[in-house]
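S.K.: build me a model:
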Amino acid sequence: MVIMTNWTSVLFLLLSLYIFEESSATLNADSAFTVSNCPVGVGYIPIDATGDGTATWTVPTATSTNAGDITLVTETHQPGDTFTFNQNTQVTYQWQDAANEFATCQFTIRLQNAGVITVNNCPTSPITATSNGSPVAVTWNEPTATSNIGVTVNSASLSPTHYPGWTFIAGDTVVEYYWQDTNSNYANCMFTVSVVGPPITVNNCPASPITATSNGSPVQVMWTTPTATSNIMSTVTLQNTPSLSGSMFNVGDTQVAYYWQDTASNNANCIFTVRVILDQLSPSLNNCPSDMFISSNQVHWTDPTAMDNIDPSPTVSCSPASGDFFSTGDTTVTCTATDDATNTDTCAFTVTLIDVIPPTVNCPANIMSSENVVTWVTPTASDSSGIDGEVSCNPSSGGNFQIGGTTVTCTATDGAGNTGTCLFTVTILDMPATTAAGTTVAGTTLESFTTDETTTAPPDPCSPNPCQNNGTCNPDMDGTGYTCDCTGTGYEGDLCADDINECSNSTLNACNSNANCTNIDGGYMCMCLDGYMGNGEMCEGIT
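M.R.: Just a heads-up that it's a prediction; the model follows:
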């Protein structure tokens, strides 16, 4: 603003609406309007005389986005008008467009004596600061004011627009201090705080290039979606439709660009390249395991490794996987290496599960009879490999048994050639018999049937079998008691109820020295240590 007069005076241009103490111009405008050059500060120019004078300023203008002409409907003063000394004069401009929307610019002019108030330490404009996008604190030495005519200068009612240490956003901000003495003379200090920094901050813009590989087909590429925020309290909007994270890209370089603009017409962008590299070479698998012969159905091995010309870490997977449970017989394990371009390499080996577990044979309960010819239902047997043929017993069912106890052994063979047995006892009791006519007993031929006495057979102590875990019950000769035979059951004790821990003593198990022995109910399991392979009873180092 330029103020001119031929009087010794000061033109005080105070930006306010109706009241002098306000510190900025009044600018009211509908959304379609843009007003330029509406005064935004307070200015003084000392004059060598006292009295009324003239002042000039840059005339504000207005534009509207609405169609049609704009009319200046109010202009209270013009540059060069005469103003009354030491008196506030309000200047008003108002415009109207064809859509009946309005804009108004108002400010105040005052002429006063020059040199009445002296301002000390008014900062040199601009005070500069830098910002990374966030508001930044700016400080300065506060100016003071003193009277040159011996009156009091009071600033209590005229606070500055900003204080040292306040935070400022990117751009220029006018800071103003005002003073008034007891004779109603005024003075001011006006300077600019200029914060250098981007009006828009872009967040998470990916480093370029983002690389991916392809065997020739389009591939999906992912990245963190960038965003933009305003540093000047403006609204930021994305101006284009860029490729999105997760889109498919062809071999070669593709530029991805994000463009933003805020309501103040500031622009920002994020531009990077997605580079898809053609890779049609398969990775190379190394250290594929050799064929394995094991007796434990849970099998472990070290997966092979893979190398690739581009992908530093191809993925390797095997099916079935290490640690899975296998069925008896041969199972082919296929291991596959896959690189980022989906090129693959495979290797295979065979896991042969050797069945060393005999079938389970289910014998009948011990039999006690007063008849010599004894029959029973053929025992059943079960095994994971299936049963080869039928269960056979020796002596066989229907045989002629002698008085006393006879152990019957029943045998079954599975598909792997393992043999399982079970035992039970047939006991023939020594009982007085009924004698038929004509039978010679002690040299005497009986003429008729006679019976010495009627005798009831004693109860069978082994029926039902009191021995647990397939233990064999053997009745005493007098038929009043029994003993349990725990042979081959993996249990011990009077009733074959106590599990034998075969792993507690190496003489009780056949595990290799490079294997772990695990006790299980009724037996034990051998598993080769890491770095070895085999059935647990034989373990060889993996090379």
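S.K.: let's see the pLDDT reported for the nearest residue to Gly171 once chain neighbours are set aside.
M.R.: Counting by CB to CB, 6 or more residues apart in numbering, the nearest residue to Gly171 once its immediate chain neighbours are dropped is Ile232, at 5.7 Å. Bear in mind the C-beta positions are built from the backbone N, C-alpha and C, glycine included. pLDDT recorded at Ile232 is 76.
S.K.: the stretch 301-450 of the chain: strands as residue ranges?
M.R.: With DSSP state E, counting those that start in this stretch applied, the stretch 301-450 of the chain shows strands at 305-307, 315-319, 329-338, 344-353, 360-362, 367-369, 380-382, 392-394, 404-413, 419-428, 440-441, 444-445, listed in chain order.
S.K.: so, low pLDDT: which residues of the stretch 1-150 of the chain?
M.R.: Residues of the stretch 1-150 of the chain that meet the criterion pLDDT under 70 lie in 1-31, 40-51, 112-115.
S.K.: and of the strands of the stretch 301-450 of the chain, who's closest to Asn514?
M.R.: When the strands of the stretch 301-450 of the chain are compared for distance to Asn514 using CB to CB, the nearest one is strand 344-353, at 18.7 Å.
S.K.: could you dump the strands of the stretch 301-450 of the chain to TSV with mean neighbour count?
M.R.: Conversion of the strands of the stretch 301-450 of the chain to TSV gives the following (neighbours: other CB atoms under 10 Å):
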stretch	mean neighbour count
strand 305-307	18
strand 315-319	14
strand 329-338	17
strand 344-353	17
strand 360-362	17
strand 367-369	19
strand 380-382	17
strand 392-394	15
strand 404-413	19
strand 419-428	21
strand 440-441	9
strand 444-445	8
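S.K.: dump those to CSV, plus distance to Thr144 and mean pLDDT.
M.R.: Supplementary listing: the strands of the stretch 301-450 of the chain in CSV, determined by distance: least, CB to CB, whole Å; pLDDT from 0 to 100:
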stretch, distance to Thr144, mean pLDDT
strand 305-307, 77, 95
strand 315-319, 74, 96
strand 329-338, 76, 94
strand 344-353, 81, 94
strand 360-362, 107, 90
strand 367-369, 124, 90
strand 380-382, 106, 89
strand 392-394, 121, 93
strand 404-413, 113, 90
strand 419-428, 110, 89
strand 440-441, 152, 38
strand 444-445, 157, 33
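S.K.: let me have the ones you listed in CSV, adding distance to Gln261 as columns.
M.R.: Converted to CSV, the strands of the stretch 301-450 of the chain look like this (distance: least, CB to CB, whole Å):
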stretch, distance to Gln261
strand 305-307, 48
strand 315-319, 43
strand 329-338, 44
strand 344-353, 47
strand 360-362, 81
strand 367-369, 100
strand 380-382, 79
strand 392-394, 94
strand 404-413, 86
strand 419-428, 85
strand 440-441, 129
strand 444-445, 134
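S.K.: figure out which of these is closest to Cys189.
M.R.: Across those, the minimum distance to Cys189, taken as CB to CB, is reached by strand 315-319, at 69.8 Å.
S.K.: got a list of contacts for the closest one?
M.R.: The list of residues contacting strand 315-319 from outside it, by CB atoms under 8 Å, 6 or more residues apart in numbering, reads 285, 303-306, 333-338.
S.K.: number of residues surrounding the residue nearest to Pro242 when sequence neighbours are not counted?
M.R.: Take Pro242 and drop its neighbours on the chain: the residue closest to it by CB to CB, 6+ apart is Tyr258, 5.0 Å away. Tyr258 has 21 neighbouring residues, counting by other CB atoms under 10 Å.
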